[in-house]
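**Student:** 3D model of this:
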Amino acid sequence: MTINTIIFDLDDTLTPDEETADAAILKTIEPVVKQYNIDPEELRQTVRKTCREIWYASPLHDYCAFIGISSWEGMWADFRGDSDCLQKLHEWAPEYRRQSWYDSLRKFNIDDEKLAVKLIDDLIYIRRRMHRMYDDVPAVLEDLKGKYKLGLLTNGAPRLQWEKINGSEVGSYFDVIVISGDIGVGKPDPKIFDITLHKLGAQANETIMVGNSLSSDIIGAKGVGIKAVWLNRYGHTRDDKVVPDWEINGMDELYTILE
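**Tutor:** Next up is the predicted model:
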């Protein structure tokens with residue numbers, strides 16, 4: 001097989017997302033932890049659990065799951081957009097954030113509406129200053145640029161994903177960038193892979209997909225005939241029902257596959 005095209009996922013593949021969310025929450029709650037003598041990890045877990053429960057109960061959850069927007073992204077993201085669902089999400093987000101913080105604090109017997117509102121703003125400020133690529137990404141992308149057609153295929157709301165792309169400065173490496181919120185469907189739907197291939201002028205049998213998600217990146221790529229590379233940075237156990245063509249633990253291991 002001759003590989004001339006590589007498609008990359010964004011979140012937790014090129015840029016840390018979930019670990020950055022946890023770091024941002026821990027930074028945000030530092031004053032609360034100090035004032036009320038609370039275990040920071042216990043409060044962090046409570047915030048994540050509480051916001052997830054509220055998120056999943058929302059009538060917008062099906063749309064968010066379809067496009068690929070997470071509960072922790074909902075705590076800080078800009079959801080402005082043209083679609084009706086994005087507009088509704090943008091309108092609902094402030095109340096979602098308020099309720100998530102307020103309910104989390106109440107579980108520690110802290111009944112303080114003003115503090116909940118302050119934490120909303122603090123988290124947004126902190127998280128928006130934490131965009132970065134993984135340390136092993138820039139050198140590899142720089143080396144691959146010009147040698148291969150490079151595509152970035154990411155699930156999420158357009159403004160949110162562009163903020164991550166621009167903030168981390170990863171976008172300059174790619175010939176094509178496709179975001180599910182612009183298309184109306186997300187990975188693993190075959191349509192978004194076909195659109196990405198078409199934009200790249202690429203054939204599936206000459207392309208590989210690199211991503212961290214078995215359920216969206218790997219299943220989606222294999223579903224349209226693209227060879228799939230599972231980037232398993234955190235040593236997760238693989239679901240035997242989803243079999244990638246290759247598994248790597250760091251971006252520099254990609255060279256072995258390309259050779």
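**Student:** mind checking how far the nearest residue to Met130 once chain neighbours are set aside is from Trp92?
**Tutor:** Residue nearest to Met130 in three dimensions, not counting chain neighbours: Thr20, with 5.1 Å by Cβ to Cβ, 6 or more residues apart in numbering. The C-beta positions use only the backbone N, C-alpha and C, and glycine is treated the same way. Using Cβ to Cβ, to the nearest Å, Thr20 is found at 23 Å from Trp92.
**Student:** ok so Ile6 is a strand residue?
**Tutor:** Yes. Ile6: assigned to a strand according to DSSP: H, G, I helix; E, B strand; the rest coil.
**Student:** wait, it sits on Leu153?
**Tutor:** No. Ile6 is beyond contact range of Leu153, at 10.7 Å (criterion: Cβ atoms under 8 Å).
**Student:** got a list of what the residue nearest to Met130 touches?
**Tutor:** 127, 130, 132 (Cβ atoms under 8 Å, 6 or more residues apart in numbering).
**Student:** ok, now which ones touch the nearest residue to the last one once chain neighbours are set aside?
**Tutor:** Sequence neighbours aside, Ser168 is the residue nearest to Arg132 in space, at 5.5 Å (criterion: Cβ to Cβ, 6+ apart). Neighbouring residues of Ser168 by Cβ under 8 Å, 6+ apart: 14-15, 131-133.
**Student:** On the three-state scheme, Arg52 is what?
**Tutor:** Secondary structure, three-state DSSP: Arg52 is helix.
**Student:** Distance-wise, check it relative to Ile192.
**Tutor:** 25 Å.
**Student:** what does Thr46 give?
**Tutor:** For Thr46 relative to Ile192 (Cβ to Cβ), the value is 35 Å.
**Student:** again, but for Tyr234
**Tutor:** 25 Å.
**Student:** Between those two, tell me which one has more neighbours.
**Tutor:** Comparing Tyr234 with Ile192 by other Cβ atoms under 10 Å, the one with more neighbours is Ile192, at 24 against 10.
**Student:** what comes up buried for the helix or strand harbouring the more buried one?
**Tutor:** Using DSSP states H and E, Ile192 sits in helix 190-200. Within helix 190-200, the residues scored as buried using 16 or more other Cβ atoms under 10 Å are 192-193, 195-197, 200.
**Student:** For Pro138, state which of those is nearest.
**Tutor:** Nearest to Pro138 among those, counting by Cβ to Cβ, is Leu200 at 21.3 Å.
**Student:** Who wins on neighbours among the contacts of Ser168?
**Tutor:** Counting neighbours by other Cβ under 10 Å, Leu14 leads these with 29 neighbours.
**Student:** ok, that one - contacts?
**Tutor:** 8, 133-134, 137, 141, 152, 168, 170.
**Student:** In strands, which of these appear?
**Tutor:** Members of these lying in strands (criterion: DSSP state E): 8, 152.
**Student:** Report the two of the contacts of Leu14 separated the most.
**Tutor:** Tyr134 and Leu152 (14.4 Å).
**Student:** Many thanks, have a good one.
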